[in-house]
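sequence and predicted structure below; questions after.
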Amino acid sequence: MDPDSVKSTLSNLAFGNVMAAAARDYQKELHAQQKSIGTSSVNEEVDLDELMDDPELEKLHADRIASLKKEAEKRQELKMQGHGEYREITEADVLGEVTGSEKVICHFYHREFYRCKIMDKHLKVLASAHFKTKFLKLDAENAPFFVSKLGIKTLPCVILFRKGIATDRLVGFQDLGGKDDFTTKTLENFLLKKGIIETVKDEETDDYDESRHRSVRSSTTNPNSDSY
């Protein structure tokens with residue numbers, strides 16, 4: 001037999017043995033990994049069971065339930081006081097309404113004034129979003145005593161009350177850019193800066209939809225605030 005041929009055959013056999021050994025090692029390593037994953041999965045299940053029985057976790061859950069219950073009770077209490085909606089009141093109701101809640105926003109308006117209608121639309125949106133503040137509207141023509149007492153001369157006029165005391169006001173749109181097409185967000189930011197409303201938590205509010213963000217367009221017939 002040719003020596004070179006014998007040498008080549010032996011070399012091929014050796015290479016084949018090496019490849020076979022490598023394949024066996026790979027299979028062993030793969031099997032070990034699968035076994036490790038299975039063991040880890042069992043351990044995770046055990047850990048999860050232990051976690052479900054953790055007294056600290058149970059306490060956190062109980063505290064959260066109690067907190068939600070308390071918030072629901074507070075919300076119901078505020079709802080009974082007239083919070084959560086934009087309501088019209090009479091002059092006879094004013095004292096009881098503004099002293100019955102810590103924070104109150106009252107819009108003095110005139111039925112025929114265009115800008116008062118714009119303000120109405122924005123305040124109605126904010127009333128449902130900012131539950132902790134009471135939102136009211138009062139026909140200025142039917143409230144001469146408070147119009148005089150509060151020195152209201154221009155409408156719309158939004159008076160901000162804290163514990164029954166008028167602490168600030170928004171006259172016309174002068175602090176909202178001076179134009180009729182301001183957004184609800186612009187008014188909201190103004191009221192936030194005044195501290196009469198609070199930033200709403202994500203889980204407590206419905207997101208403004210497109211109609212809420214839509215600006216109320218100006219009228220060519222009533223471009224300015226109206227003197228009263």
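Nice, thanks for sending it over.

tell me where the protein has strands.
Shown for the chain, the strands assigned by DSSP state E span residues 86-89, 103-109, 134-139, 154-155, 157-162, 165-171, 226-227.

quick check: which of those strands is nearest to residue 196?
Closest to residue 196 of the strands of the chain is strand 157-162 (C-beta to C-beta; 4.6 Å). C-beta coordinates here come from the backbone N, C-alpha and C atoms, glycine included.

what mean pLDDT does that closest one have?
Averaged over strand 157-162, pLDDT sits at 98.

who does that strand touch, helix- and strand-wise?
Judged by 3 or more C-beta pairs under 8 Å, 6 or more residues apart in numbering; DSSP states H and E, strand 157-162 is in contact with strand 103-109, strand 165-171.

most packed of those strands?
Ranked by mean neighbour count under mean count of other C-beta atoms under 10 Å, these are led by strand 103-109, which reaches a mean of 24.

just give the strands next to that one in its sheet, each with its orientation.
If you go by DSSP bridges, strand 103-109 pairs up with strand 134-139 (parallel), strand 157-162 (antiparallel).

in the first one, what counts as buried?
Of the residues in strand 134-139, those scored as buried under the neighbour-count criterion (16 or more other C-beta atoms under 10 Å) are 134, 135, 136, 137, 138.

repeat for the last one
Of the residues in strand 157-162, those buried by neighbour count under the rule 16+ other C-beta under 10 Å are 157, 158, 159, 160, 161, 162.

just the C-alpha atoms of it, please, in CSV.
Extracted C-alpha coordinates of strand 157-162, given in CSV (Å, rounded to 0.1, in the frame of the first residue of the first chain):
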residue,chain,number,x,y,z
CYS,A,157,-65.1,87.6,35.6
VAL,A,158,-63.9,84.4,37.4
ILE,A,159,-63.6,84.8,41.1
LEU,A,160,-61.3,82.4,43.1
PHE,A,161,-62.4,81.6,46.6
ARG,A,162,-60.4,79.9,49.4
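
hmm, who's touching it?
If you take C-beta atoms under 8 Å, 6 or more residues apart in numbering as the criterion, strand 157-162 is touched by 98, 102-108, 119, 123, 140, 150, 152, 166-172, 191, 194, 196, 228.

at 6 Å instead, please
If you take C-beta atoms under 6 Å, 6 or more residues apart in numbering as the criterion, strand 157-162 is touched by 98, 104-108, 166-171, 194, 196.

with respect to residue 146, which of these is nearest?
Nearest to residue 146 among the contacts of strand 157-162 is residue 108, at 7.7 Å by C-beta to C-beta.

tabulate the strands of the chain (a markdown table), appending distance to residue 29.
Below are the strands of the chain laid out as a markdown table (distance: least, C-beta to C-beta, whole Å):
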| stretch | distance to residue 29 |
| --- | --- |
| strand 86-89 | 70 |
| strand 103-109 | 68 |
| strand 134-139 | 70 |
| strand 154-155 | 83 |
| strand 157-162 | 73 |
| strand 165-171 | 74 |
| strand 226-227 | 85 |
